[in-house]
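[1] return atomic coordinates for the entry below.
(2 chains)
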Amino acid sequence: MIDLLTNPSALVEFLSTCLRLSVPLVFAALGGVLCERSGVFNIALEGMILAGAFGAAVGAFLSGGPAGGLAVGILCGMAIGAVLAVLGISLRANQIVVGIALNLFVLSITAYLARIVFGGQANTMRLNGFEHTPVPLLSDLPIIGKPLFGQDPLVVVMLVTVGAVWFLLFRTRFGLAVRAVGEAPGAVDTAGLSVTGLRYACVLGSGALAAMGGCYLVLSQIYLFSEDMSAGKGFIALAAVILGRWHPVGAFLACLLFGLFDALQLRLQFTNPDVPHEFFTMLPYLVTLVALVGLVGRPTPPRAIGRPYRREGD
Amino acid sequence: MTGILHGLAMLRGLWAVAAALLVGAGLIVAAGADPIEAYLALFEGAFVDYWGLASTLTKACPLILCGLAVALPLRAGLFNIGAEGQLYMGALAGTLVALLVPGLPGPVHILLCVLAGAAGGALWALIPALLRAYQNVNELITTLLLNFVALHFTGFIVSGPLEEPGAPYPYSPEIPVSTMLPVLLPRTDAHIGLVVAVVLAIVIFLAFRRSTAGRSLAIIGQNVQAARYAGIPVRRTMIVAFLVAGAMAGMAGIFEVLGFRFRLFHAFSPGYGYDGIVVAFLAGLSPLLTVVSGLFLAGLRSGAGALQRAVGVETTVVEAIQGLVILFVAVGLAVQIRNATRSKAMPPAAEPAADEPRP
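    Here you go, the predicted model:
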């Protein structure tokens, strides 16, 4: 551990790992922020990540490049968002039940379809993913240059997306309407805006964002699709939404914290080979729990969250 | 009255199953096989064939218990997604008793193991219950995160302190022969854990109908404010519901060790805790129907092999069907809630209990 402080290149390497492990979480958490700010519970983030990963693998497999993968992945995530929107907003089903159902559904259907699409080469192939493309000038910054700007393009896209979601929510008329619809949908309806329309937009957007997390897993990290490869990341992202108080920058920082502990546990595994690695694998989940419990003050979710809107007399 | 409600829940479940099987048939056709032949093979492999039936009964035990573990707190509007973790902690606690407590007569030893398993699961469920009751931390996220902690923790125990020397894969030493459960069907794995699961389902059914605690749970699920007005100890009831649920899942874990695997393996559960969610929703949260839906899902799993042998479709197709079942149950709930303004079998949402004030 000491070498992180004395050896700059080890530190840069460590920070790069942190960031790499945070990227899927950040995309999913941004999706969660957008969706929950509009008053819709999104337990389905996990399924959206997985759907995005599956779509990315299929797209890259068929088109032979990462761009096609990204496009198909995002579409798959939005498809899951569409189901959540129809059932949870239009049909007014319990959004938590629908979310749980979607997670289980995506888990099983992607496992089945992956065998059909990729056949026997599912676990041996290597898809064409994104190459490392350092951003000129910025990637030469000391310490933070390489982790932030010296990796593949999706890391930079993530940084931009954090800012974009913040700008969208807090600096545009649309964002104002979204925040209002999460607190007082009745008032938004009275003002002549469509509650359903705003919520649909946010849920679809959240599907696209979370799916990008899945795309990153496939196109920049593993280069293949494996069953259940989201492995609980959607749930950690959900916790990050709460920890970050439903704010894009807060959620981003919470995800970085988890990425930090994930990188730390990998390092601890490496430096303590005689301790079974499962002991360290527990660490990020425990930290997430402790952070949730130890949260100073009471987090206040958007007031109308989880409640399907029903116009009076409707 | 409850008879009618049960009938409705059953109908909704049947509708969802039928729709899922229909879409599943589409998936089978997509893989280039005959769906009718496939389903016949599935049914025969699950319920007609002697060994297949035994395998179905073996799998039904953890599925029914995990279904109860999900259904019980949900009556009060609390989501227990942590049955998987509670199952692991129950299996761990029970295995420790089986391996480390020497010199007991078999039946006493088994009873002690099962009690330890129930306690292990209950204690693991107590963590999210207390956090929910006193800190108002969302139980959905805590139970989920605790699943991963429990999975890796048992993995750590069986690949470190409790590892069988020279084992190629992390698992514990074999439990003493005297602690292995008696079987239901001769020469098979079908063990008496299933009988216990069915009895527990009946007990919980009666408790829901007759006992004050069961009634209180339903009232909390309907309206927390009303429950508090009526003098129901909301926090205590919530915690008890989680403790009982954890005990159910813990027993699922220890029965799996004592009756089927005879060792504690790393990551031995094929997701029974998560499947419990499907079982509970398919049963419309009715404890008695949990037995039926548990048997159905167990049949899907155990008939999958026969299906693959008969028509050459990957066994994962049954997982897809299972995923479709829960999706259609959710759709059914949506339609039902839209038609009737209030569902009695299902609490409207989790958020009423969120009004619980902090101390």
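[2] tell me where the model's unsure across chain A.
    Within chain A, the set of residues satisfying pLDDT under 70 comprises A:1-2, A:122, A:296-298, A:313-314.
[3] what about 80?
    A:1-6, A:119-125, A:132-133, A:135-137, A:139-151, A:295-299, A:312-314 (pLDDT under 80).
[4] okay, B:Phe79: pLDDT?
    You'll see B:Phe79 listed with a pLDDT of 92.
[5] which residues of the stretch 1-150 of chain B fall in helices?
    B:2-30, B:35-43, B:50-75, B:83-100, B:106-130, B:139-159 (DSSP state H, counting those that start in this stretch).
[6] would you mind listing what in the stretch 101-250 of chain B touches chain A?
    Within the stretch 101-250 of chain B, the positions adjacent to chain A are B:131, B:135-138, B:140-142, B:144-149, B:152-153, B:155-156, B:159-160, B:170 by CB under 8 Å from any CB of the partner chain. All C-beta spots, glycine's among them, are computed from the backbone N, C-alpha and C.
[7] and if we set it to 7 Å?
    Within the stretch 101-250 of chain B, the positions adjacent to chain A are B:131, B:135, B:137, B:140-142, B:144-145, B:148-149, B:152-153, B:155-156, B:159-160 by CB under 7 Å from any CB of the partner chain.
[8] got a winner among those residues for most neighbours?
    Neighbour counts for these peak at B:Leu144, which has 28 neighbours (criterion: other CB atoms under 10 Å in any protein chain shown).
[9] that one: what's its closest spatial neighbour, skipping adjacent residues?
    If the residues on either side of it in the chain are set aside, B:Leu144 comes closest to A:Phe235, at 4.6 Å by CB to CB, 6 or more residues apart in numbering or on different chains.
[10] I figured that neighbour hits A:Glu46, correct?
    Yes: using CB atoms under 7 Å, A:Phe235 is in contact with A:Glu46, at 5.9 Å.
[11] in a markdown table, list the helices of the stretch 1-150 of chain B along with mean pLDDT.
    Formatted as a markdown table, the helices of the stretch 1-150 of chain B follow (pLDDT from 0 to 100):
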| stretch | mean pLDDT |
| --- | --- |
| helix B:2-30 | 79 |
| helix B:35-43 | 94 |
| helix B:50-75 | 96 |
| helix B:83-100 | 96 |
| helix B:106-130 | 96 |
| helix B:139-159 | 93 |
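[12] can you tell me which of those comes nearest to A:Tyr216?
    Comparing the helices of the stretch 1-150 of chain B by their distance to A:Tyr216 (CB to CB), the top pick is helix B:139-159, with 20.6 Å.
[13] tell me how far that closest one is from the chain's mean position?
    16 Å (CA atoms, centre = their mean, to the nearest Å).
[14] what about A:Thr300, which SS state?
    coil (DSSP: H, G, I helix; E, B strand; the rest coil).
[15] burial check on it, number of neighbours?
    Neighbour number of A:Thr300 under other CB under 10 Å is 8.
[16] the longest helix along chain A packs against which elements?
    Using DSSP state H, we find that the single longest helix of chain A is helix A:8-37. Applying 3 or more CB pairs under 7 Å, 6 or more residues apart in numbering or on different chains; DSSP states H and E, we find helix A:8-37 packed against helix A:3-6, helix A:45-63, helix A:145-149, helix A:153-171, helix A:173-183, helix A:195-216, helix A:233-243, helix A:248-271.
[17] show me what counts as buried in it.
    A:12-37 (16 or more other CB atoms under 10 Å in any protein chain shown).
[18] now do that helix against helix A:173-183, angle only.
    Helix A:8-37 and helix A:173-183 are oriented at 70 degrees to each other (axes from the mean of the first three to the mean of the last three CA atoms, to 10 degrees).
[19] okay, angle between helix A:8-37 and helix A:248-271 too, please.
    Going by the same axes, to 10 degrees, helix A:8-37 makes 140 degrees with helix A:248-271.
[20] stretch A:104-115 close to chain B?
    Yes: contact of stretch A:104-115 with chain B (CB under 7 Å from any CB) involves A:Leu104, A:Phe105, A:Leu107, A:Ser108, A:Ile109, A:Ala111, A:Tyr112, A:Arg115.
[21] secondary structure element for B:Pro270?
    Counting by DSSP states H and E, no helix or strand carries B:Pro270.
[22] if I look at it, how far off is B:Leu63?
    Remark: distance between B:Pro270 and B:Leu63 (CB to CB, to the nearest Å) = 10 Å.
[23] between the two, which has more neighbouring residues?
    Legend: neighbour count by other CB under 10 Å for B:Pro270 and B:Leu63, higher for B:Leu63 (28 against 11).
[24] not counting sequence-adjacent ones, nearest residue to that one?
    B:Gly294 is the one closest to B:Leu63 (CB to CB, 6+ apart), at 4.1 Å.
[25] does the one you found touch B:Pro62 like I think?
    No: with contact defined as CB under 7 Å, B:Gly294 does not count as touching B:Pro62 (8.6 Å).
[26] so who does the closest residue in space to A:Thr110 that isn't next to it in sequence touch?
    Nearest non-adjacent residue to A:Thr110, counting by CB to CB, 6+ apart: A:Phe54, 4.2 Å away. Taking CB atoms under 7 Å, 6 or more residues apart in numbering or on different chains, we find A:Phe54 in contact with A:Cys76, A:Thr110, A:Ala114, A:Phe225.
[27] what does chain A have sitting close to chain B?
    A:43, A:87, A:91-94, A:96-98, A:100-101, A:104-105, A:107-109, A:111-112, A:115-116, A:232, A:235, A:238-239, A:276, A:278-279, A:281-282, A:285-286, A:288-289, A:292-293, A:298, A:306.
[28] from the residues you listed, which land in helices?
    Filtering the residues of chain A next to chain B for helices - DSSP H - leaves A:96-98, A:100-101, A:104-105, A:107-109, A:111-112, A:115-116, A:235, A:238-239, A:278-279, A:281, A:285-286, A:288-289, A:292-293.
[29] report the two of the contacts of A:Phe54 separated the most.
    The largest separation in these, counting by CB to CB, is between A:Cys76 and A:Ala114 at 12.4 Å.
[30] compare those two (neighbour count), which wins?
    A:Cys76 (27 against 22).
[31] in three-state terms, label that one for me.
    Once three-state DSSP is applied, A:Cys76 turns out helix.
[32] could you measure from the residue nearest to A:Thr110 over to A:Asn42?
    Taken as CB to CB, the span from A:Phe54 to A:Asn42 is 19 Å.
[33] then B:Pro233?
    Taking CB to CB, one finds B:Pro233 at 33 Å from A:Asn42.
[34] of the two, who's got more company?
    The residue with more neighbours, out of B:Pro233 and A:Asn42, is A:Asn42; 35 against 14, by other CB under 10 Å.
[35] quick check: the more buried one touching A:Cys35?
    Yes: counting by CB under 7 Å, A:Cys35 is a contact partner of A:Asn42 at 4.1 Å.
[36] between the two, what contacts are shared?
    Counting by CB under 7 Å, 6+ apart, the residues touching both A:Asn42 and A:Cys35 are A:Ser206.
[37] buried residues, stretch B:266-284. List them.
    Neighbour count says stretch B:266-284 has B:266, B:268-269, B:271-284 buried, by 16+ other CB under 10 Å.
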